[in-house]
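**Student:** The amino acid sequence is not available; the structure is as follows:
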(Lines give C-alpha, C1' and ligand atoms only; values in the text may rest on other atoms or scores of the structure.)
Protein backbone atom coordinates (compact mmCIF):
# COMPACT_ATOMS: atom_id res chain seq x y z
CA UNK A 1 0.00 0.00 0.00
CA UNK A 2 2.79 2.43 0.92
CA UNK A 3 4.47 1.78 -2.45
CA UNK A 4 1.35 3.00 -4.25
CA UNK A 5 1.02 6.00 -1.91
CA UNK A 6 4.53 7.20 -2.76
CA UNK A 7 3.46 7.43 -6.42
CA UNK A 8 1.13 10.34 -5.63
CA UNK A 9 3.80 12.88 -4.62
CA UNK A 10 5.74 11.41 -7.55
CA UNK A 11 2.98 12.63 -9.85
CA UNK A 12 3.12 16.02 -8.14
CA UNK A 13 6.88 16.29 -8.67
CA UNK A 14 6.55 15.22 -12.30
CA UNK A 15 3.76 17.71 -13.03
CA UNK A 16 5.53 20.49 -11.16
CA UNK A 17 8.78 20.02 -13.06
CA UNK A 18 6.98 20.13 -16.40
CA UNK A 19 5.33 23.50 -15.71
CA UNK A 20 6.62 27.05 -15.52
CA UNK A 21 8.16 28.03 -12.20
CA UNK A 22 5.35 30.44 -11.30
CA UNK A 23 2.89 27.52 -11.29
CA UNK A 24 5.12 24.77 -9.89
CA UNK A 25 3.86 24.77 -6.29
CA UNK A 26 0.20 24.51 -7.30
CA UNK A 27 0.58 20.98 -8.68
CA UNK A 28 2.65 19.85 -5.71
CA UNK A 29 -0.05 21.20 -3.42
CA UNK A 30 -2.88 19.61 -5.40
CA UNK A 31 -1.19 16.22 -5.27
CA UNK A 32 -1.08 16.38 -1.47
CA UNK A 33 -4.49 18.00 -1.19
CA UNK A 34 -5.78 15.26 -3.46
CA UNK A 35 -4.61 12.65 -0.95
CA UNK A 36 -6.67 14.29 1.78
CA UNK A 37 -9.81 14.88 -0.29
CA UNK A 38 -9.68 11.47 -1.97
CA UNK A 39 -9.11 9.63 1.30
CA UNK A 40 -12.18 11.28 2.81
CA UNK A 41 -14.26 10.46 -0.28
CA UNK A 42 -13.16 6.82 -0.12
CA UNK A 43 -14.07 6.60 3.58
CA UNK A 44 -17.33 8.50 3.11
CA UNK A 45 -18.82 6.45 0.28
CA UNK A 46 -16.23 5.76 -2.42
CA UNK A 47 -15.33 2.24 -1.31
CA UNK A 48 -18.98 1.29 -0.98
CA UNK A 49 -19.87 2.67 -4.43
CA UNK A 50 -17.04 0.69 -6.02
CA UNK A 51 -16.84 -2.54 -4.03
CA UNK A 52 -20.05 -3.27 -2.13
CA UNK A 53 -20.87 -6.95 -2.54
CA UNK A 54 -24.48 -6.12 -3.46
CA UNK A 55 -23.52 -3.74 -6.27
CA UNK A 56 -25.35 -3.50 -9.57
CA UNK A 57 -23.61 -4.14 -12.88
CA UNK A 58 -22.74 -0.43 -13.07
CA UNK A 59 -22.22 0.96 -9.57
CA UNK A 60 -22.32 -0.09 -5.94
CA UNK A 61 -24.60 1.15 -3.18
CA UNK A 62 -24.18 2.64 0.28
CA UNK A 63 -24.04 -0.65 2.16
CA UNK A 64 -20.56 0.23 3.44
CA UNK A 65 -21.16 3.98 3.86
CA UNK A 66 -18.52 5.31 6.24
CA UNK A 67 -16.84 1.88 6.06
CA UNK A 68 -19.70 0.31 8.01
CA UNK A 69 -19.19 -3.45 8.10
CA UNK A 70 -15.72 -3.28 6.55
CA UNK A 71 -13.72 -5.31 9.04
CA UNK A 72 -11.74 -8.55 9.07
CA UNK A 73 -14.04 -10.63 6.87
CA UNK A 74 -12.72 -11.87 3.48
CA UNK A 75 -12.72 -9.08 0.91
CA UNK A 76 -14.60 -8.97 -2.37
CA UNK A 77 -11.24 -8.81 -4.14
CA UNK A 78 -9.77 -11.94 -2.61
CA UNK A 79 -10.79 -14.33 0.14
CA UNK A 80 -7.14 -14.39 1.23
CA UNK A 81 -7.04 -10.81 2.53
CA UNK A 82 -9.39 -8.98 4.92
CA UNK A 83 -11.84 -6.41 3.63
CA UNK A 84 -10.24 -3.57 5.59
CA UNK A 85 -6.83 -4.17 4.00
CA UNK A 86 -8.39 -4.43 0.53
CA UNK A 87 -10.23 -1.15 1.18
CA UNK A 88 -7.01 0.63 2.20
CA UNK A 89 -5.12 -0.71 -0.83
CA UNK A 90 -7.84 0.27 -3.29
CA UNK A 91 -7.98 3.72 -1.72
CA UNK A 92 -4.48 4.35 -3.08
CA UNK A 93 -5.71 3.57 -6.61
CA UNK A 94 -8.53 6.08 -6.27
CA UNK A 95 -6.13 8.73 -4.99
CA UNK A 96 -3.60 8.45 -7.79
CA UNK A 97 -6.35 8.34 -10.43
CA UNK A 98 -7.80 11.59 -9.16
CA UNK A 99 -4.42 13.33 -9.00
CA UNK A 100 -3.63 12.21 -12.55
CA UNK A 101 -6.96 13.53 -13.81
CA UNK A 102 -6.55 17.03 -12.40
CA UNK A 103 -3.44 17.50 -14.53
CA UNK A 104 -5.84 19.04 -17.04
CA UNK A 105 -6.25 22.03 -14.72
CA UNK A 106 -2.56 22.95 -14.77
CA UNK A 107 -1.67 26.66 -15.03
CA UNK A 108 -5.24 27.96 -15.40
CA UNK A 109 -7.47 26.91 -12.52
CA UNK A 110 -8.46 27.97 -9.01
CA UNK A 111 -7.20 25.69 -6.26
CA UNK A 112 -10.31 25.40 -4.06
CA UNK A 113 -12.82 24.48 -6.77
CA UNK A 114 -10.39 21.88 -8.16
CA UNK A 115 -10.36 20.04 -4.82
CA UNK A 116 -14.17 20.06 -4.71
CA UNK A 117 -14.18 18.84 -8.31
CA UNK A 118 -11.89 15.97 -7.32
CA UNK A 119 -14.34 14.73 -4.69
CA UNK A 120 -17.21 14.82 -7.19
CA UNK A 121 -15.17 13.26 -10.01
CA UNK A 122 -14.10 10.28 -7.92
CA UNK A 123 -17.75 9.72 -7.01
CA UNK A 124 -19.30 10.13 -10.45
CA UNK A 125 -16.55 8.83 -12.74
CA UNK A 126 -13.98 6.68 -10.96
CA UNK A 127 -16.24 4.64 -8.68
CA UNK A 128 -18.58 3.37 -11.45
CA UNK A 129 -15.67 2.40 -13.73
CA UNK A 130 -13.86 0.65 -10.87
CA UNK A 131 -17.10 -1.17 -10.02
CA UNK A 132 -17.81 -2.49 -13.49
CA UNK A 133 -14.16 -3.50 -13.98
CA UNK A 134 -13.16 -5.10 -10.67
CA UNK A 135 -16.34 -5.81 -8.71
CA UNK A 136 -17.52 -9.38 -9.32
CA UNK A 137 -20.99 -7.94 -10.05
CA UNK A 138 -19.71 -5.48 -12.67
CA UNK A 139 -20.74 -5.90 -16.30
CA UNK A 140 -17.18 -5.89 -17.67
CA UNK A 141 -16.00 -8.36 -15.02
CA UNK A 142 -18.89 -10.70 -15.85
CA UNK A 143 -18.35 -10.27 -19.60
CA UNK A 144 -14.75 -11.42 -19.20
CA UNK A 145 -12.76 -8.20 -19.60
CA UNK A 146 -9.20 -8.43 -18.29
CA UNK A 147 -7.71 -5.50 -16.40
CA UNK A 148 -5.12 -6.50 -13.85
CA UNK A 149 -4.22 -3.18 -12.23
CA UNK A 150 -6.19 -0.35 -13.79
CA UNK A 151 -5.80 0.25 -17.52
CA UNK A 152 -9.38 1.53 -17.77
CA UNK A 153 -10.31 2.62 -14.21
CA UNK A 154 -7.02 4.42 -13.57
CA UNK A 155 -5.35 5.45 -16.82
CA UNK A 156 -8.02 5.70 -19.51
CA UNK A 157 -10.43 7.42 -17.12
CA UNK A 158 -7.87 9.94 -15.82
CA UNK A 159 -6.29 10.65 -19.20
CA UNK A 160 -9.67 11.19 -20.81
CA UNK A 161 -10.78 13.39 -17.92
CA UNK A 162 -7.71 15.58 -18.36
CA UNK A 163 -8.54 15.95 -22.05
CA UNK A 164 -12.16 16.85 -21.28
CA UNK A 165 -11.07 19.41 -18.68
CA UNK A 166 -8.60 21.02 -21.09
CA UNK A 167 -11.25 21.25 -23.81
CA UNK A 168 -13.83 22.73 -21.46
CA UNK A 169 -11.56 25.29 -19.79
CA UNK A 170 -10.06 26.46 -23.05
CA UNK A 171 -6.54 27.47 -23.90
CA UNK A 172 -4.12 29.19 -21.57
CA UNK A 173 -3.32 32.84 -22.07
CA UNK A 174 -0.69 33.13 -24.80
CA UNK A 175 -1.51 29.83 -26.52
CA UNK A 176 0.14 29.60 -29.93
CA UNK A 177 2.84 32.16 -29.08
CA UNK A 178 6.44 31.87 -27.94
CA UNK A 179 5.26 32.49 -24.38
CA UNK A 180 4.05 28.90 -24.10
CA UNK A 181 6.85 27.36 -26.14
CA UNK A 182 8.81 26.83 -22.94
CA UNK A 183 10.90 23.92 -21.76
CA UNK A 184 10.13 22.21 -18.43
CA UNK A 185 11.44 24.45 -15.66
CA UNK A 186 13.05 21.68 -13.55
CA UNK A 187 14.22 18.46 -15.17
CA UNK A 188 15.56 17.15 -11.85
CA UNK A 189 12.03 17.20 -10.41
CA UNK A 190 10.77 15.29 -13.45
CA UNK A 191 13.41 12.60 -12.95
CA UNK A 192 12.72 12.39 -9.21
CA UNK A 193 8.98 12.12 -9.84
CA UNK A 194 9.59 9.35 -12.37
CA UNK A 195 11.78 7.51 -9.86
CA UNK A 196 8.95 7.61 -7.30
CA UNK A 197 6.47 6.41 -9.91
CA UNK A 198 8.65 3.58 -11.22
CA UNK A 199 9.44 2.45 -7.68
CA UNK A 200 5.82 2.62 -6.58
CA UNK A 201 4.57 0.80 -9.67
CA UNK A 202 6.00 -2.45 -8.31
CA UNK A 203 3.43 -2.20 -5.54
CA UNK A 204 0.81 -0.95 -7.97
CA UNK A 205 1.08 -3.93 -10.34
CA UNK A 206 2.72 -6.56 -8.16
CA UNK A 207 0.36 -5.87 -5.29
CA UNK A 208 -2.66 -6.33 -7.54
CA UNK A 209 -2.06 -10.08 -7.35
CA UNK A 210 -3.37 -9.66 -3.77
CA UNK A 211 -0.99 -12.36 -2.58
CA UNK A 212 2.74 -13.10 -2.34
CA UNK A 213 3.13 -15.64 -5.14
CA UNK A 214 4.90 -16.26 -8.45
CA UNK A 215 2.26 -14.33 -10.35
CA UNK A 216 3.01 -11.22 -8.29
CA UNK A 217 6.73 -11.63 -9.02
CA UNK A 218 6.00 -11.97 -12.73
CA UNK A 219 3.89 -8.81 -12.62
CA UNK A 220 6.88 -6.94 -11.17
CA UNK A 221 9.25 -8.35 -13.80
CA UNK A 222 7.07 -7.37 -16.77
CA UNK A 223 6.47 -3.96 -15.18
CA UNK A 224 10.20 -3.24 -15.07
CA UNK A 225 10.75 -4.56 -18.60
CA UNK A 226 7.96 -2.50 -20.14
CA UNK A 227 9.16 0.68 -18.43
CA UNK A 228 12.73 0.11 -19.61
CA UNK A 229 11.74 -0.54 -23.22
CA UNK A 230 9.28 2.35 -23.24
CA UNK A 231 11.90 4.78 -21.96
CA UNK A 232 14.53 3.72 -24.49
CA UNK A 233 12.01 3.77 -27.34
CA UNK A 234 10.79 7.31 -26.62
CA UNK A 235 14.34 8.58 -26.12
CA UNK A 236 15.44 7.16 -29.48
CA UNK A 237 12.42 8.68 -31.23
CA UNK A 238 13.39 12.08 -29.85
CA UNK A 239 17.04 11.53 -30.78
CA UNK A 240 15.92 10.86 -34.35
CA UNK A 241 14.73 14.47 -34.55
CA UNK A 242 17.05 16.36 -32.22
CA UNK A 243 20.24 14.26 -32.32
CA UNK A 244 20.31 14.60 -28.53
CA UNK A 245 19.24 12.24 -25.79
CA UNK A 246 16.43 13.69 -23.70
CA UNK A 247 16.05 12.95 -19.99
CA UNK A 248 12.47 14.21 -20.13
CA UNK A 249 11.83 11.98 -23.14
CA UNK A 250 13.19 8.94 -21.33
CA UNK A 251 10.98 9.65 -18.32
CA UNK A 252 7.92 10.11 -20.53
CA UNK A 253 8.64 6.83 -22.31
CA UNK A 254 9.19 4.92 -19.08
CA UNK A 255 5.86 6.13 -17.75
CA UNK A 256 4.19 5.20 -21.05
CA UNK A 257 5.58 1.68 -20.72
CA UNK A 258 4.39 1.47 -17.12
CA UNK A 259 0.91 2.60 -18.14
CA UNK A 260 0.80 0.15 -21.05
CA UNK A 261 1.72 -2.87 -18.94
CA UNK A 262 -0.72 -2.03 -16.13
CA UNK A 263 -3.80 -3.89 -17.44
CA UNK A 264 -1.67 -6.79 -18.67
CA UNK A 265 0.84 -7.27 -15.84
CA UNK A 266 -0.70 -10.36 -14.26
CA UNK A 267 -1.66 -11.99 -17.54
CA UNK A 268 1.36 -11.85 -19.87
CA UNK A 269 4.83 -13.34 -20.19
CA UNK A 270 8.08 -11.41 -20.39
CA UNK A 271 8.33 -11.30 -24.22
CA UNK A 272 4.92 -9.65 -24.35
CA UNK A 273 6.16 -6.97 -21.95
CA UNK A 274 8.85 -6.00 -24.47
CA UNK A 275 6.23 -5.60 -27.19
CA UNK A 276 3.87 -3.63 -24.95
CA UNK A 277 6.65 -1.30 -23.79
CA UNK A 278 7.74 -0.65 -27.37
CA UNK A 279 4.25 -0.02 -28.75
CA UNK A 280 3.34 2.18 -25.78
CA UNK A 281 6.54 4.21 -26.21
CA UNK A 282 5.87 4.76 -29.91
CA UNK A 283 2.12 5.28 -29.57
CA UNK A 284 2.29 7.74 -26.69
CA UNK A 285 5.15 9.66 -28.29
CA UNK A 286 3.15 10.27 -31.44
CA UNK A 287 0.00 10.91 -29.40
CA UNK A 288 1.63 14.01 -27.91
CA UNK A 289 1.27 15.58 -31.36
CA UNK A 290 -2.52 15.07 -31.38
CA UNK A 291 -3.19 18.10 -29.21
CA UNK A 292 -1.66 20.35 -31.86
CA UNK A 293 -3.77 18.77 -34.60
CA UNK A 294 -7.02 19.25 -32.67
CA UNK A 295 -5.79 22.52 -31.07
CA UNK A 296 -6.39 21.50 -27.47
CA UNK A 297 -4.10 22.98 -24.81
CA UNK A 298 -3.57 19.82 -22.75
CA UNK A 299 -0.62 21.13 -20.79
CA UNK A 300 0.87 17.96 -19.29
CA UNK A 301 0.02 15.39 -22.00
CA UNK A 302 -1.93 13.30 -19.51
CA UNK A 303 -4.20 12.00 -22.25
CA UNK A 304 -1.30 11.14 -24.56
CA UNK A 305 0.59 9.27 -21.84
CA UNK A 306 -2.14 7.77 -19.68
CA UNK A 307 -5.20 7.77 -21.93
CA UNK A 308 -3.52 6.43 -25.07
CA UNK A 309 -1.10 4.28 -23.05
CA UNK A 310 -4.01 2.70 -21.19
CA UNK A 311 -5.81 2.00 -24.46
CA UNK A 312 -2.72 0.36 -25.94
CA UNK A 313 -2.30 -1.82 -22.87
CA UNK A 314 -5.96 -2.76 -22.79
CA UNK A 315 -5.97 -3.88 -26.42
CA UNK A 316 -2.64 -5.69 -26.24
CA UNK A 317 -3.86 -7.64 -23.21
CA UNK A 318 -6.40 -9.16 -25.58
CA UNK A 319 -3.56 -10.39 -27.76
CA UNK A 320 -1.00 -11.55 -25.20
CA UNK A 321 -2.95 -12.76 -22.13
CA UNK A 322 -2.08 -16.37 -21.29
CA UNK A 323 -3.95 -18.72 -18.99
CA UNK A 324 -0.68 -20.38 -18.00
CA UNK A 325 0.74 -17.12 -16.61
CA UNK A 326 -2.45 -16.33 -14.72
CA UNK A 327 -2.49 -19.72 -13.02
CA UNK A 328 0.90 -19.04 -11.45
CA UNK A 329 -1.03 -17.92 -8.37
CA UNK A 330 -2.44 -21.45 -8.11
CA UNK A 331 -6.06 -20.34 -8.31
CA UNK A 332 -6.99 -17.98 -11.16
CA UNK A 333 -8.16 -19.44 -14.44
CA UNK A 334 -8.93 -17.45 -17.58
CA UNK A 335 -9.38 -18.46 -21.24
CA UNK A 336 -6.47 -16.21 -22.25
CA UNK A 337 -6.19 -14.04 -25.33
CA UNK A 338 -5.12 -14.57 -28.94
CA UNK A 339 -2.04 -16.51 -27.90
CA UNK A 340 -4.43 -19.08 -26.41
CA UNK A 341 -6.72 -18.96 -29.47
CA UNK A 342 -9.37 -17.05 -27.52
CA UNK A 343 -10.02 -14.48 -30.22
CA UNK A 344 -13.17 -13.01 -28.68
CA UNK A 345 -11.07 -11.60 -25.83
CA UNK A 346 -9.94 -8.71 -28.00
CA UNK A 347 -13.57 -7.70 -28.45
CA UNK A 348 -14.10 -7.68 -24.69
CA UNK A 349 -11.04 -5.50 -24.23
CA UNK A 350 -12.14 -3.00 -26.87
CA UNK A 351 -15.64 -2.82 -25.39
CA UNK A 352 -14.26 -2.08 -21.93
CA UNK A 353 -11.81 0.48 -23.33
CA UNK A 354 -14.45 2.38 -25.31
CA UNK A 355 -16.88 2.35 -22.40
CA UNK A 356 -14.29 3.82 -20.06
CA UNK A 357 -13.24 6.47 -22.58
CA UNK A 358 -16.78 7.51 -23.49
CA UNK A 359 -18.09 7.55 -19.93
CA UNK A 360 -15.18 9.57 -18.56
CA UNK A 361 -15.29 12.06 -21.44
CA UNK A 362 -19.03 12.73 -21.16
CA UNK A 363 -19.35 12.75 -17.37
CA UNK A 364 -16.24 14.89 -16.82
CA UNK A 365 -17.54 17.45 -19.31
CA UNK A 366 -20.96 17.50 -17.62
CA UNK A 367 -19.32 17.93 -14.22
CA UNK A 368 -17.26 20.90 -15.46
CA UNK A 369 -20.43 22.41 -16.92
CA UNK A 370 -22.35 22.02 -13.66
CA UNK A 371 -19.56 23.73 -11.70
CA UNK A 372 -19.81 26.70 -14.04
CA UNK A 373 -23.45 27.29 -13.08
CA UNK A 374 -23.09 27.22 -9.29
CA UNK A 375 -24.52 30.57 -8.09
CA UNK A 376 -22.04 33.21 -7.05
CA UNK A 377 -19.17 31.72 -9.02
CA UNK A 378 -17.86 29.98 -5.90
CA UNK A 379 -16.95 26.87 -7.88
CA UNK A 380 -15.75 28.61 -11.02
CA UNK A 381 -12.84 26.48 -12.19
CA UNK A 382 -11.04 28.83 -14.57
CA UNK A 383 -8.54 31.23 -13.04
CA UNK A 384 -8.73 34.92 -13.83
CA UNK A 385 -6.51 36.39 -16.52
CA UNK A 386 -4.59 38.31 -13.86
CA UNK A 387 -3.96 35.09 -11.92
CA UNK A 388 -2.60 33.42 -15.04
CA UNK A 389 -0.23 36.32 -15.63
CA UNK A 390 1.04 36.46 -12.04
CA UNK A 391 1.00 32.69 -11.61
CA UNK A 392 -1.31 30.27 -9.83
CA UNK A 393 1.13 29.90 -6.93
CA UNK A 394 1.14 33.55 -5.88
CA UNK A 395 -2.49 34.20 -6.80
CA UNK A 396 -4.13 31.34 -4.90
CA UNK A 397 -1.48 30.05 -2.49
CA UNK A 398 0.55 33.16 -1.74
CA UNK A 399 3.67 31.00 -1.77
CA UNK A 400 6.28 29.74 -4.22
CA UNK A 401 8.01 26.44 -4.75
CA UNK A 402 11.29 28.37 -4.59
CA UNK A 403 12.79 31.70 -5.64
CA UNK A 404 15.97 32.51 -7.48
CA UNK A 405 18.30 35.17 -6.14
CA UNK A 406 21.30 37.14 -7.34
CA UNK A 407 24.14 38.79 -5.43
CA UNK A 408 24.76 42.47 -6.01
CA UNK A 409 27.89 44.51 -5.44
CA UNK A 410 26.50 46.01 -2.24
CA UNK A 411 26.48 42.54 -0.66
CA UNK A 412 22.70 42.19 -0.85
CA UNK A 413 20.79 39.17 -2.16
CA UNK A 414 17.83 40.23 -4.27
CA UNK A 415 15.06 37.79 -5.13
CA UNK A 416 14.14 37.15 -8.76
CA UNK A 417 10.54 35.96 -8.97
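**Tutor:** Right, received. Where do you want to start? Keep in mind it's a predicted model, so treat the numbers as computed, not measured.

**Student:** contacts, neighbours, all on C-alpha from now
**Tutor:** Will do.

**Student:** Show me how far stretch 25-39 is from its chain's centre.
**Tutor:** On the basis of Cα atoms, centre = their mean, to the nearest Å, stretch 25-39 sits 14 Å off its chain's mean C-alpha point.

**Student:** cool, stretch 198-212 as well?
**Tutor:** Between the centre of stretch 198-212 and the centre of its chain there are 15 Å (Cα atoms, centre = their mean).

**Student:** what about it, start to end distance?
**Tutor:** Terminal residues of stretch 198-212 are spaced 20 Å apart (Cα to Cα, to the nearest Å).

**Student:** give the contact list for residue 47.
**Tutor:** Residues in contact with residue 47 (Cα atoms under 8 Å, 6 or more residues apart in numbering) are 64, 65, 67, 87, 90, 91, 127.

**Student:** Residue 241 and residue 234: what is the separation?
**Tutor:** Distance of residue 241 to residue 234, computed by Cα to Cα: 11 Å.

**Student:** which of the two has more neighbours?
**Tutor:** The neighbour comparison of residue 241 against residue 234 (other Cα atoms under 10 Å) goes to residue 234, with 31 against 8.

**Student:** and residue 115, how far is that from residue 381?
**Tutor:** 10 Å.

**Student:** same thing with residue 348?
**Tutor:** 36 Å.

**Student:** likewise residue 354?
**Tutor:** Residue 354 sits 27 Å away from residue 381, going by Cα to Cα.

**Student:** So for these two, which sits in the more crowded spot?
**Tutor:** Neighbours per residue, other Cα under 10 Å: of residue 354 and residue 381, the larger number sits with residue 381, 23 against 14.

**Student:** quick one: low-confidence ranges for the chain?
**Tutor:** In the predicted model of the chain, residues 179, 181, 404-417 satisfy pLDDT under 70.

**Student:** Going by neighbour count, list what's buried in stretch 265-275.
**Tutor:** By 16 or more other Cα atoms under 10 Å, the buried positions in stretch 265-275 come out as 265, 266, 267, 268, 269, 270, 272, 273, 274, 275.

**Student:** ditto for stretch 371-389
**Tutor:** In stretch 371-389, counting by 16+ other Cα under 10 Å, buried: 371, 372, 379, 380, 381, 382, 383, 387, 388.

**Student:** same deal with stretch 228-239?
**Tutor:** So, applying 16+ other Cα under 10 Å, buried residues of stretch 228-239: 228, 229, 230, 231, 232, 233, 234, 235, 236, 237, 238.

**Student:** I'd like the residues you listed as TSV, with secondary structure and distance to residue 36 appended.
**Tutor:** TSV is the format used below for those (DSSP: H, G, I helix; E, B strand; the rest coil; distance: Cα to Cα, whole Å):
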residue	secondary structure	distance to residue 36
228	helix	32
229	helix	34
230	helix	32
231	helix	32
232	helix	35
233	helix	36
234	helix	34
235	helix	35
236	helix	39
237	helix	39
238	helix	38
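
**Student:** quick check, nearest of those to residue 201?
**Tutor:** Checking the buried residues of stretch 228-239 against residue 201 by Cα to Cα gives residue 228 as the nearest, at 12.9 Å.

**Student:** Share the number of residues neighbouring the residue nearest to the closest one when sequence neighbours are not counted, please.
**Tutor:** Nearest non-adjacent residue to residue 228, counting by Cα to Cα, 6 or more residues apart in numbering: residue 254, 6.0 Å away. Using other Cα under 10 Å, the number of residues around residue 254 comes to 31.

**Student:** so where does residue 254 fall, helix or strand?
**Tutor:** Element membership for residue 254 (DSSP states H and E) is helix 247-261.

**Student:** Next: residue 264.
**Tutor:** Going by DSSP H and E, residue 264 is not in any helix or strand.

**Student:** So residue 332 sits against residue 326, correct?
**Tutor:** Yes: with contact defined as Cα atoms under 8 Å, residue 332 reaches residue 326; the gap is 6.0 Å.

**Student:** higher neighbour count, these two?
**Tutor:** Counted by other Cα under 10 Å, residue 332 and residue 326 do not tie: residue 326 has more neighbours, with 25 against 12.

**Student:** who's in contact with that one?
**Tutor:** 215, 266, 267, 268, 332, 333, 334.
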